[in-house]
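Undergrad: Turn this into a model:
(chains A and B)
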Amino acid sequence: MAELTYREAVIEGIAQEMRRDNKVVFLGEDIGKAGGVFKATVGLWDEFGDLRVRDTPISEQAILGAAMGAAMTGLRPIAEIMFSDFLAVCWDIVTNQIAKSRYMTGGQVDVPLVIRTANGGGVRFGAQHSQSVENWAMMIPGIKVVVPSTPADVKGLLAAAIRDPDPVIFFEQKALYATKGEVPDGEHVDEIGKAKVVREGDDVTILALALMVPRALEAADRLQAEVGISANVVDIRSLVPLDTQTIIQQVQKTARVVTVEENPRLCGWGAEIVSIIAEECFYDLDMPIVRITTPHIPLSSADELEDEMIPSADRIFETVRREVD
Amino acid sequence: MVKKATAKKKTQEKSMAKKAWLNDDIGEENRLTMWRLQLEVRHVEQRLHDLFFQNLIKGTSHLAIGQEAISAGFGAAMRQDDYTFCTYRGHAHTLVRGASMTGMIGELMGKECGMLKGKGGSMHLTDVEKGAMGSYAIIGAHLPIAAGAAWQAQYNKTGQIAACFFGDGATNIGAFHEALNFAVIWNLPVVYVCENNLYMEYTPISEVTAVEHPAADRACAYGLPSIIVDGNDADAVFRVAMTAFDKARAGGGPSLIEAKTYRYSGHSRADPATYRPDGELDEWMKKDPIPMYRQRLLDFGVKEDVVSSIEEAVLKAVDEATEEAKASPPPPLESAYTDVWADGGVSWRN
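TA: Modelled structure (predicted):
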């Protein structure tokens, strides 16, 4: 095991796969010589060179379109969209083209590519550079949606995404880039579509994603220490495919469930999971399901305002304590 | 006697001259191919039109009647392993790559024999095995996608090219400009072909475009030469295609070609094209690529029976394909639940 930052795990995941497979190529804005605006691609251009690590103009449709065309014809491209908010300017390529081509052509077209993008808030960038848009991607048939919270998951799930025969959007939480964690040595490949119980508990299950996972864990520790509530924390990790088996098992274990979502309220991933729980294990519940989300308001940039909006460990702690008592 | 000999000599000279015309840089074989391809496009499109009005085809369709010389000229110039990317007006470009007529007609009729199993329809015709990499129905989307296929060819040094066809309307959308710039800076083997049929949908392209030639006048912005070709002349199209393909294969980068043409029908099935000035269609029909090409073949010394036999064979093939498609059952309902993912399934959960 080595301790890596979340951003170093991105670099390691890409490098591992580029060393393994010549078909893996990487394109995006400032990813090459500059090493990425989040420094999450430093060294890749030095190792793999101009032909495999290619800087692009600020042309998101061209980036994703080129990735798609290359994937359809045999390469394994990784495309970076610098901020997930920018997906809005190339959403046609994602939703109409990449996601639907296999189906619309009766299975003729393969699009094995990965779109990596920096998602989420907590870094005071304001409403156009801080959104959590994983739910945009989740609602399109034909694209896998992976959202890691730890360096080990970044490396393992990114490697799995690159090897996946289907298109994957890989949301990296930008406030997590500097966080550290243990990453297995040697080749590390995880499995997409598996949630992970990251803290065992008996009284309530907290379902969380990305930045909300460490906040849920912090809240869980305080719940145990301060009020004796034993919280079970599940890192969803992958929205599509969704590990409903693990989710339902964990909900049945604790009979109480809270989702913690960074996205604004309406149509957040938690709503979908809540509806599945309601349909499939309603009678196992001892308490109405609670969703903790960012309010349905664009994010502000000022420290106090952004912190007010995005669910904090305090808010998770207070909400769970109030609802479970 | 002397007179007779002179006449015979003259006939011989004339015949040799015709042979020389026919076997120029294009040659007889390519010309007969283009003749066949133009006819296939014309008759399949005409048949699709008829099937619509018999209510055997639903939804919409966008016909290329009048524009056949472009798909035929480029199609004949392409290598088998080259890539075609086209638009929702893409029956022609898919057909000229050798896609099955039955598969195409069946797809529009929503039959099991459809080339997309009934899941795509008129606007998404694709035959990957033939290099027809898809018909794209969101304007401009496929220009960067074609660049990506060309990137693969460049990366793997395969010598393939990607040919990307789009209408004049696409020149005013962002993806056109992103793709052109991108293809040039990466020096990609992609050939962009604007089929300028004078109307974006219902509005004349000239009313909504800052320049006279919507593609060619933009070429200079990307450091490319301005290339305009008569899109109703398959020979002219073939020559410009070969030049662009050779350049791309030799590492010379992309080209942007504007082919001037005209569509005889409206934008789509729903459009009677009443917005066109009186007489405009008649003027263009005088330049109909098909009778013009037929006459050229005869002028070049191809025998009438050779020309006619190709016509008859195409009509027969279209008839047979139509009957096959009509006889095919609708797709089985369970087929709706396949093909979302690479494993063939549709599941998003465990």
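Undergrad: Next one: B:Phe166 from chain A, what distance?
TA: Using Cβ to the nearest Cβ, to the nearest Å, we find B:Phe166 at a distance of 13 Å from chain A. For every residue, glycine as well, the C-beta is placed using N, CA and C.
Undergrad: Go ahead and confirm that residue touches B:Ala141.
TA: No - between B:Phe166 and B:Ala141 there is no contact under Cβ atoms under 8 Å: 9.6 Å.
Undergrad: Grab the nearest non-local neighbour of A:Leu158.
TA: A:Gly13 (3.5 Å; Cβ to Cβ, 6 or more residues apart in numbering or on different chains).
Undergrad: Now stretch B:80-94: buried residues?
TA: Neighbour counts over stretch B:80-94 (16 or more other Cβ atoms under 10 Å in any protein chain shown) mark B:82-94 as buried.
Undergrad: can you check stretch A:314-325 too?
TA: So for stretch A:314-325, counting by 16+ other Cβ under 10 Å, buried means A:315-317, A:319-321, A:324.
Undergrad: Kindly indicate which of those residues lies nearest A:Leu51.
TA: Nearest to A:Leu51 among the buried residues of stretch A:314-325, counting by Cβ to Cβ, is A:Ile316 at 46.6 Å.
Undergrad: Am I right that the closest one sits in a strand?
TA: No - under the criterion used here (DSSP: H, G, I helix; E, B strand; the rest coil), A:Ile316 is helix, not part of a strand.
Undergrad: returning to what we had before: need the buried residues of stretch B:80-94 in TSV with secondary structure and pLDDT, can you?
TA: Conversion of those to TSV gives the following (DSSP: H, G, I helix; E, B strand; the rest coil; pLDDT from 0 to 100):
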residue	secondary structure	pLDDT
B:Asp82	coil	98
B:Tyr83	strand	98
B:Thr84	strand	98
B:Phe85	strand	98
B:Cys86	strand	98
B:Thr87	strand	97
B:Tyr88	coil	95
B:Arg89	coil	93
B:Gly90	coil	94
B:His91	helix	96
B:Ala92	helix	97
B:His93	helix	98
B:Thr94	helix	98
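Undergrad: What about chain A: which of the residues you listed touch it?
TA: B:83, B:85 (Cβ under 8 Å from any Cβ of the partner chain).
Undergrad: what's the most distant pair in the buried residues of stretch B:80-94?
TA: Largest pairwise distance in those, by Cβ to Cβ, is 21.1 Å, between B:Asp82 and B:Tyr88.
Undergrad: Please tell me the pLDDT value assigned to B:Ser265.
TA: We have a pLDDT of 89 for B:Ser265.
Undergrad: And stretch B:50-67, end to end?
TA: One end of stretch B:50-67 sits 18 Å from the other (Cα to Cα, to the nearest Å).
Undergrad: List just the nearest of the buried residues of stretch B:80-94 to chain A.
TA: Set against chain A, the nearest of the buried residues of stretch B:80-94 by Cβ to the nearest Cβ is B:Tyr83 (6.8 Å).
Undergrad: Pick out the residue of the stretch 151-300 of chain A closest to chain B.
TA: A:Pro165 (3.5 Å).
Undergrad: Just to check, that residue is in contact with A:Val109?
TA: No - applying Cβ under 8 Å, one finds A:Pro165 not in contact with A:Val109, separated by 11.5 Å.
Undergrad: Taking the stretch 251-350 of chain B, what residue is nearest to chain A?
TA: B:Ala342 (3.5 Å).
Undergrad: The nearest residue to A:Ala175 once chain neighbours are set aside: neighbour count?
TA: Closest residue in space to A:Ala175, ignoring its immediate chain neighbours: A:Gly122 at 3.5 Å, by Cβ to Cβ, 6+ apart. The number of residues packed near A:Gly122 is 18, by other Cβ atoms under 10 Å in any protein chain shown.
Undergrad: quick one, what contacts A:Gly122?
TA: A:Gly122 makes contact with A:130, A:174-175, A:211, A:306, A:310, according to Cβ atoms under 8 Å, 6 or more residues apart in numbering or on different chains.
Undergrad: in a strand, that's where it is, yeah?
TA: No - according to three-state DSSP, A:Gly122 belongs to no strand; its state is coil.
Undergrad: separation between it and A:Glu3?
TA: 22 Å (Cβ to Cβ, to the nearest Å).
Undergrad: before we move on, what about B:Leu63?
TA: Distance of B:Leu63 to A:Glu3, given as Cβ to Cβ: 63 Å.
Undergrad: for A:Pro214, same thing?
TA: Taking Cβ to Cβ, one finds A:Pro214 at 16 Å from A:Glu3.
Undergrad: okay, these two: which has more neighbours?
TA: Comparing A:Pro214 with A:Glu3 by other Cβ under 10 Å, the one with more neighbours is A:Pro214, at 21 against 10.
Undergrad: Which residue ranges of chain A form strands?
TA: A:2-5, A:24-28, A:53-55, A:76-83, A:114-119, A:144-146, A:168-173, A:180-183, A:196-199, A:204-208, A:231-235, A:238-240, A:257-264, A:290-294 (DSSP state E).
Undergrad: Please tabulate the ones you listed in a markdown table, including the columns distance to B:Asp278 and mean pLDDT.
TA: Formatted as a markdown table, these follow (distance: least, Cβ to Cβ, whole Å; pLDDT from 0 to 100):
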| stretch | distance to B:Asp278 | mean pLDDT |
| --- | --- | --- |
| strand A:2-5 | 71 | 97 |
| strand A:24-28 | 51 | 98 |
| strand A:53-55 | 53 | 98 |
| strand A:76-83 | 50 | 98 |
| strand A:114-119 | 51 | 98 |
| strand A:144-146 | 55 | 98 |
| strand A:168-173 | 52 | 98 |
| strand A:180-183 | 73 | 98 |
| strand A:196-199 | 71 | 98 |
| strand A:204-208 | 67 | 98 |
| strand A:231-235 | 69 | 98 |
| strand A:238-240 | 55 | 98 |
| strand A:257-264 | 55 | 98 |
| strand A:290-294 | 60 | 98 |
